[in-house]
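Enquirer: Got a predicted structure plus its sequence, pasted below:
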Amino acid sequence: MAPVWKDWLQAGTYVAAIVAGIVSLWQYRRNSARERTRWLFELYQRFYGQPAHRAMRVRLDLGQTDFLRGDDKELAADLDDFLNFFEFIAFLRRRGEIKPAEVRALFAYPLQTIGKNPDVISYLREYDYGELDRLLKELGYAS
């Protein structure tokens, strides 16, 4: 028969291993959440830090989308850059990399502005921004 202290030592080792596993899991989740927050902030900065995106946001806010019916290639290219950013966000959403609540929290207003503008909706459907179109529908910003 083994001495009792060996049984206690073995039990203590098991408990210590379980506690270490729980602490490691907790630390991993905390680090993952911190990294995710950093990643979301970088997305936010990439969008709101771009002067061309700002100019397009102002244009869309004011409903100045008549350039889509004209021949202004420069403004159309700026709109493409703007929409491509959100196409990427929509791609991340479809893959489950970003949650709908996060998309709303970071980009609700510009997405709502896109969804309300019939010229932009026609443009994104004509030029196959399918991911973005699906995202706008999913979030209820376009029909």
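Expert: That came through, no problem.

Enquirer: Against L124, how distant is P100?
Expert: P100 sits at a distance of 19 Å from L124 (criterion: CB to CB, to the nearest Å). For glycine as for every other residue, the C-beta is placed from the backbone atoms N, C-alpha and C.

Enquirer: Between the two, which has more neighbouring residues?
Expert: The neighbour count for P100 versus L124, taken as other CB atoms under 10 Å, is higher for L124 (24 against 12).

Enquirer: Just give me the residue right at the centre of the chain.
Expert: I98 (4.5 Å; CA atoms, centre = their mean).

Enquirer: For Q64, which three-state class applies?
Expert: State at Q64, reduced to three classes by DSSP: H, G, I helix; E, B strand; the rest coil: coil.

Enquirer: Per-residue pLDDT of it, please?
Expert: Looking at Q64, its pLDDT stands at 92.

Enquirer: what's the neighbour count on it?
Expert: For Q64, using other CB under 10 Å, the count is 14.

Enquirer: do the same with A90
Expert: A90: 24 neighbours (other CB under 10 Å).

Enquirer: Check which residues of the helix or strand hosting it are buried.
Expert: Using DSSP states H and E, A90 sits in helix 73-94. Buried residues in helix 73-94, counting neighbours by 16 or more other CB atoms under 10 Å, are found at 75, 78-80, 82-83, 85-87, 89-90, 92-93.

Enquirer: Stretch 96-112 too?
Expert: Buried, per 16+ other CB under 10 Å, within stretch 96-112: I98, E102, V103, L106, F107, P110, L111, Q112.

Enquirer: Export the residues you listed as JSON lines, with columns for pLDDT, distance to T65 and secondary structure.
Expert: Below are those laid out as JSON lines (pLDDT from 0 to 100; distance: CB to CB, whole Å; DSSP: H, G, I helix; E, B strand; the rest coil):
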{"residue": "I98", "pLDDT": "92", "distance to T65": "27", "secondary structure": "coil"}
{"residue": "E102", "pLDDT": "94", "distance to T65": "27", "secondary structure": "helix"}
{"residue": "V103", "pLDDT": "95", "distance to T65": "23", "secondary structure": "helix"}
{"residue": "L106", "pLDDT": "94", "distance to T65": "23", "secondary structure": "helix"}
{"residue": "F107", "pLDDT": "95", "distance to T65": "19", "secondary structure": "helix"}
{"residue": "P110", "pLDDT": "95", "distance to T65": "14", "secondary structure": "helix"}
{"residue": "L111", "pLDDT": "96", "distance to T65": "16", "secondary structure": "helix"}
{"residue": "Q112", "pLDDT": "96", "distance to T65": "15", "secondary structure": "helix"}
